[in-house]
Every structure is written in C-alpha cells, then in structure tokens.
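A.B. asks: model this:
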Amino acid sequence: MIPRILEQLDKGRQEFSWKELCHELLPCATVMRWRARAQAGQPVLEKPGPKKPEPLRLEMVKAKIAELDHGSRRTAGTTALQAELSSVISRRRFQELVVEERQNRLDHMKRIAWLVPGTVWSFDTTEYGPQKLKITPLRDLASKYQLPVPLVGAQENGARIAVYLEGMFKRDGAPMFLKRDLGSPLRCHQVNEVLERYCVLPLDSPPDYPQYNGSMERSMRDLHDALDRARSGALRLPIAVDLELVTHRLNHRCLRSLAHRTPCQVYHDPARRLRLHGLSRQRIFREVFEQFWQYVATMPERNRHTVNAAWRLVVETWLRRQGWISVTAKTKTNVSTDSEPFFSQN
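C.D. replies: Sure, this is the predicted structure:
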C-alpha cells in the first residue's frame, strides 16, 4: 500500500511540491523517510523502539571467555571482548561468566604430591601474637616434618634467615629444592648465596598466589593453633621454648596422609629419605638449568612472569621423570596448583 502511495505522490510531484502534496495527509518528513528507504531497497516500515538484541548464544560467549589469558586474580582482554559482545550480553552477566571461568580453572588445577622425603623443603615467615613476632619455620614437604626449631625474632631479617638456613643444611643435609614465598628477606642476596653454595634450586611462588605454597600455609595455621593452646594457661614459657615443644608435638602426630605414621617417622626413615651429595647434586643442578634454558629459547614472548612460570614447569617435568612427585586432578578447593599460565605445587 505504501509503495502505491509513494508512486502516486511521485506523479503529483510534477505539479505540486512535497509540502503541498502532504498537506493534511501525512507529515512530509515521514513521506521523505519512506521514499529514501524505498530507493535504498530497505523495508519501508520498521518496528518502533530499540532494536531487538541478537539472541544470546551462551556457549559461544563462554568459548570466547575461555580463550582469554586468565591469571589467579585478573583476566586480560575482558574490555575488548565485552565491547565485541555488548549486543548479546550485559556487562554484569559478562563479568559473572569471567569470574566463573577463572574459578573453574582454579577448581580443576593439578595437585602435586611429594613422594620422597629430603628432596624438597619449604619455608615462609608468619606473624604471631600482639608483638607480631616473626616466625620462620622449615618444612619437608614429602613427610610434613617441621625442622626444629623455627627461627623467631622481632623482625624478619634476611641475613639471620640465611644463617639459620645454612645451619639447618649442615644439621640435616640440604634438600635439592626449596620452595619460598616472594617476601624480599626470603629472596635476599645472603639467602641466594647459601642456596648456590649448597646447590639447592629455588622454587618461588607466583605473585599474589599463596596457594602455591599451600602445604606451608597449612603448617603455619597448625603452628598458630598449637601455640595458642600452649600459651593459654597461666604458666608462660619463653616463646622459643614453646615453639620447640609445639614443633615436637606436631612432628609426632599420626597423619592419615602418611598411612597413620608420624612426620618424624617418615622423615627419618633411611629406606625412604633421599640424601644427595657432591657430584650427584651438581649434576642435577646443571641438568635442570640446561633444560630450562632450552625451554626459554623456544618461548615466543618472554617477560619476568613467563620466565618464572617456565622455570616452575621445567622443574615439575624433571621431578615427574625422577618419580619424586605424582600429579593428580584436583578434587578439593582448599589447596590449589596451577599450570596455566603458571604451575604450582603443594
């Protein structure tokens, strides 16, 4: 009907203006809009109001979100992708899907079990009490044995930590690997010198990811709880004495994860504990570093985070080949490991 009206108006245009033809019939602007659409081959009439958004294809949106670079706390590239998908999904729903994808990755990461006592130790520093005393315990990851006695002081001092670490190496024999947090006193020049002197390879936690050193995090919670119970009575012993007593008790608990044996039994079992000396330690040191540099040489993009992630991946691969660790799919969400973009170990 509208095309016929436009045809008749075009014929009348020979004698009258558009304004005269449309007088008391239709708004002139409406007729001109119809005419322009008809000449462009577009529908003459359009449904009023905002255009209906494209149907939401949730699987497509989730697939695009899964391709983003997901970190432990942030995801790169969300702004550009949200702008691309703004016609099919709201900003709030998009952010919910990003958080859901990141959490799913955390929930399905690897869990690494340490199998050989004496190969890997872990250490970190925690604060305790109103005075905020700094306690630095050392823990063997395979046996869950906490070396006596943890270092305690008013401040976290890198030089004191280095002396303490070397004393433990001399007393119990150095491990092959040492896991540590990113705290500067734990990674200072003096500590690195001790590690180099004893051919101990460091494993540093990723930024803002304490779950990487999850076994030590759990150990420090147990230490806090045991200290609170020990110091809740009227008799208060010096903190160093309580630390030694509490560490002894923790090391002599029967644990289900150790087949109902105590950490002390497993750690000091000569049939299970590995001791590396001299040439064997130097050979492992060179072998791991050679594999690391070969891997880094093939990386398309290198920065501080990707290089550190490559180091952790090379170490994990080497440990699996030796049979020192086992890797299983994570079924619980309390202690996590991650392989993309960095891997982690408990």
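A.B. asks: only C-alpha atoms from now on, for both contacts and neighbour counts.
C.D. replies: OK.
A.B. asks: how about residue 65, nearest residue that isn't a chain neighbour?
C.D. replies: In space, and not counting its chain neighbours, residue 65 is closest to residue 98: 6.4 Å by Cα to Cα, 6 or more residues apart in numbering.
A.B. asks: tell me the phi and psi of that neighbour?
C.D. replies: Dihedral pair for residue 98: phi -60, psi -50, per degrees, to the nearest 10.
A.B. asks: next one: it from residue 306, what distance?
C.D. replies: Note on residue 98: its distance to residue 306, by Cα to Cα, to the nearest Å, is 22 Å.
A.B. asks: who has more neighbours, those two?
C.D. replies: In this comparison of residue 98 against residue 306, neighbours counted by other Cα atoms under 10 Å, the higher total goes to residue 98 at 21 against 15.
A.B. asks: so what's the more buried one scoring on pLDDT?
C.D. replies: pLDDT for residue 98: 86.
A.B. asks: distance of residue 254 relative to residue 118?
C.D. replies: Relative to residue 118, residue 254 is positioned 19 Å away (Cα to Cα).
A.B. asks: swap in residue 174?
C.D. replies: Counting by Cα to Cα, the gap from residue 174 to residue 118 is 8 Å.
A.B. asks: just residue 132 next, same as before
C.D. replies: 31 Å.
A.B. asks: determine the three-state secondary structure at residue 152.
C.D. replies: Using DSSP: H, G, I helix; E, B strand; the rest coil, the three-state assignment for residue 152 comes out as strand.
A.B. asks: what is the burial count for it?
C.D. replies: Using other Cα under 10 Å, the number of residues around residue 152 comes to 21.
A.B. asks: what of residue 191?
C.D. replies: Other residues lying near residue 191 total 21 when counted by other Cα under 10 Å.
A.B. asks: can you pull the pLDDT of it?
C.D. replies: The per-residue pLDDT reported for residue 191 equals 94.
A.B. asks: name the helix or strand for it, please.
C.D. replies: Counting by DSSP states H and E, the element that carries residue 191 is helix 189-197.
A.B. asks: hey, where'd the helices end up in the stretch 51-200 of the chain?
C.D. replies: With DSSP state H, counting those that start in this stretch applied, the stretch 51-200 of the chain shows helices at 58-66, 78-84, 91-107, 158-172, 189-197, listed in chain order.
A.B. asks: which of those sits closest to residue 299?
C.D. replies: Each of those was checked against residue 299 via Cα to Cα, and the shortest separation belongs to helix 58-66, namely 21.8 Å.
A.B. asks: kindly export the closest one (C-alpha atoms) in PDB.
C.D. replies: Listed next in PDB are the C-alpha coordinates belonging to helix 58-66 (Å, rounded to 0.1, in the frame of the first residue of the first chain):
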ATOM      1  CA  LEU A  58      25.900 -18.700  25.900                       C
ATOM      2  CA  GLU A  59      28.200 -21.500  24.700                       C
ATOM      3  CA  MET A  60      29.800 -19.100  22.100                       C
ATOM      4  CA  VAL A  61      30.300 -16.500  24.800                       C
ATOM      5  CA  LYS A  62      31.800 -19.000  27.200                       C
ATOM      6  CA  ALA A  63      34.100 -20.300  24.500                       C
ATOM      7  CA  LYS A  64      35.400 -16.800  23.800                       C
ATOM      8  CA  ILE A  65      35.900 -16.100  27.500                       C
ATOM      9  CA  ALA A  66      37.900 -19.400  27.900                       C
END
